[in-house]
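Novice: Any chance you can model this:
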Amino acid sequence: MNRSDILRALRRPRTERPRIRLGNVDRLFPGGRGEPAVTARTGARGSKGLSGPAERQVVVVTGASAGVGRAVAHAFADRGDSVALIARDALALEEVAHEVESRGGRSLVLPLDVSNADAVEAAAAGVEAELGPIDVWVNNAMVSVFSPVREMTADEYRRVTEVTYLGYVHGTLSALRRMLPRDRGVIVQVGSALAYRAIPLQSAYCAAKHAINGFSESLRTELLHDGSSVRVTQVHLPAVNTPQFDWVRSRLPGRAQPVPPIYQPEVAAQGIVWAADHDRRELVIGLSADMAILGQKVAPDLLDRYLGRTGFHAQQADEAEAPGRPDNLFAPVSGLHRTHGRFDDQAKASSRHLWWSTRVGPLPTAVIGAAVGGLAVLGLARRR
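Specialist: Below is the predicted model:
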């Protein structure tokens, strides 16, 4: 079934749409590679947790089956929003859909690969047909490879780029096609401190995050030139406790791990929802992320040397990696989709830095961060 077939199916009355059965998943139409299968659900319209706009919104979240994306879906559902869920694993998305509904939201399940632009465009049309005009689009889907550059392959670089960078481009273009004529809407690019300061062993992922940053800055200037009310914002994350470290492709001898300090996905979700509601160019979560960004601006050479000494060990646990374990680079790994990773005992459930940033503003936060970053750089210089 191609994009035109999908759009025609969505225009037909619900009772006349073709249905198939996949395990215990009731789907509106086949969802082969690039063909989103849509299941709409309706939950209670109550609101709890994060406060939001007076009117409930329609939100699209990519990478919604686990980690930060799953926490973001929960956060929007807590205030009664309708959440369209995009990821590759249909059964995992069904689990998230039930969680969204239990929290008071509505859900729409869209299993697809964001590297396929036609599938993303068809999904966007499906969201508006089922839930209404899209208010917020959150680009979050990603894949990565932990490996020295010399051991990477061209196919691995291509795949990470297609998902982690071009997936954001595809989602942004589909959102813009609907938001620009209405002159409203928000696109949230989930970024990282690695968009400004790359680290060893994640060259493909760091490059993709740098590309997202450049793409978003270019788009933002065009929107300003046109006087558009559509807004694009970036939320740069610190290390987060997600399942990706158990399914990422890795050539490291030790099990992959985030570089401490580590935060829970709910902290990231809180910042992402806040950024969707407030007119902020970008939001940096966690003092460690701010220090990395500011340190890169102040003393990149020192950071190069510091990361050359510490970056390899910091991204590996003491336990050995399991040889031959499955990874999610080209296909999802079933059974591991959850919100938290294996680092609950290390992860922070709140961030004073985020509290300060969202209440005081970016300039005072940057000044304080620069002072702390300066002290850190001095410390690095003394250890050279």
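
Novice: Okay, and the nearest residue to Ser144 once chain neighbours are set aside sits in which element?
Specialist: Excluding its sequence neighbours, the residue lying closest to Ser144 (CB to CB, 6 or more residues apart in numbering) is Tyr205, at 4.0 Å. For glycine as for every other residue, the C-beta is placed from the backbone atoms N, C-alpha and C. Assigned by DSSP states H and E, Tyr205 belongs to helix 203-226.

Novice: buried residues in that helix?
Specialist: Within helix 203-226, the residues that count as buried by 16 or more other CB atoms under 10 Å are 203-213, 215-216, 219-220, 223.

Novice: likewise stretch 154-171?
Specialist: Burial within stretch 154-171, assessed by neighbour count using 16+ other CB under 10 Å, is assigned to 156-157, 159-171.

Novice: which one among those gets closest to Val109?
Specialist: For the buried residues of stretch 154-171, the closest approach to Val109 (CB to CB) belongs to Gly171, at 16.6 Å.

Novice: Could you grab the helix/strand/coil label for the closest one?
Specialist: Secondary structure assignment for Gly171 (DSSP: H, G, I helix; E, B strand; the rest coil): helix.

Novice: you'd agree it is up against Ile134?
Specialist: No: counting by CB atoms under 8 Å, Gly171 does not reach Ile134; the two are 10.4 Å apart.

Novice: continuing past the helix holding Tyr205, what's the next helix or strand?
Specialist: Once helix 203-226 ends, the next helix or strand along the chain (criterion: DSSP H and E) is strand 231-237.

Novice: Can you tell me the strand partners of that next one and which way each runs?
Specialist: Strand pairing for strand 231-237, using DSSP bridges, gives strand 186-192 (parallel), strand 282-284 (parallel).

Novice: Centre of the chain to the first one, how far?
Specialist: Which is strand 186-192. For strand 186-192, the separation from the chain centroid amounts to 7 Å (computed by CA atoms, centre = their mean, to the nearest Å).

Novice: as a whole number, average confidence for it?
Specialist: For strand 186-192, mean pLDDT rounds to 98.

Novice: can you check stretch 295-307 too?
Specialist: What stretch 295-307 shows for mean pLDDT is 94.

Novice: got it, and stretch 345-357?
Specialist: 95.

Novice: Can you get me the start-to-end distance on it?
Specialist: End-to-end span of stretch 345-357 (CA to CA, to the nearest Å): 26 Å.

Novice: List the buried residues for that stretch?
Specialist: Neighbour counts over stretch 345-357 (16+ other CB under 10 Å) mark 347-348, 351, 353-354, 357 as buried.

Novice: out of those residues, who's nearest Ala331?
Specialist: Of these, the one sitting nearest to Ala331 (CB to CB) turns out to be Ala347, at 27.6 Å.

Novice: ok, now which ones touch that closest one?
Specialist: By CB atoms under 8 Å, 6 or more residues apart in numbering, the contact list for Ala347 reads 240-241, 262-264, 340.

Novice: possible to save the residues you listed as TSV with secondary structure and distance to Phe146?
Specialist: Below are the contacts of Ala347 laid out as TSV (DSSP: H, G, I helix; E, B strand; the rest coil; distance: CB to CB, whole Å):
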residue	secondary structure	distance to Phe146
Val240	strand	16
Asn241	coil	17
Ile262	strand	16
Tyr263	strand	20
Gln264	coil	22
His340	coil	20
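
Novice: any idea which of the residues you listed is closest to Asn140?
Specialist: The nearest member of those to Asn140, counting by CB to CB, is Val240 at 11.2 Å.

Novice: And the pLDDT for the closest one?
Specialist: So Val240 comes in at 98 (pLDDT).

Novice: Please name the residues that touch it.
Specialist: 67-68, 258, 262-265, 267-268, 347.

Novice: Tell me where the model's unsure across the stretch 51-200 of the chain.
Specialist: Per-residue confidence for the stretch 51-200 of the chain (pLDDT under 70) gives these ranges: 51-54.

Novice: Which residue ranges of it form strands?
Specialist: Applying DSSP state E, counting those that start in this stretch to the stretch 51-200 of the chain gives strands spanning 58-62, 82-87, 106-111, 136-139, 145-146, 186-192.
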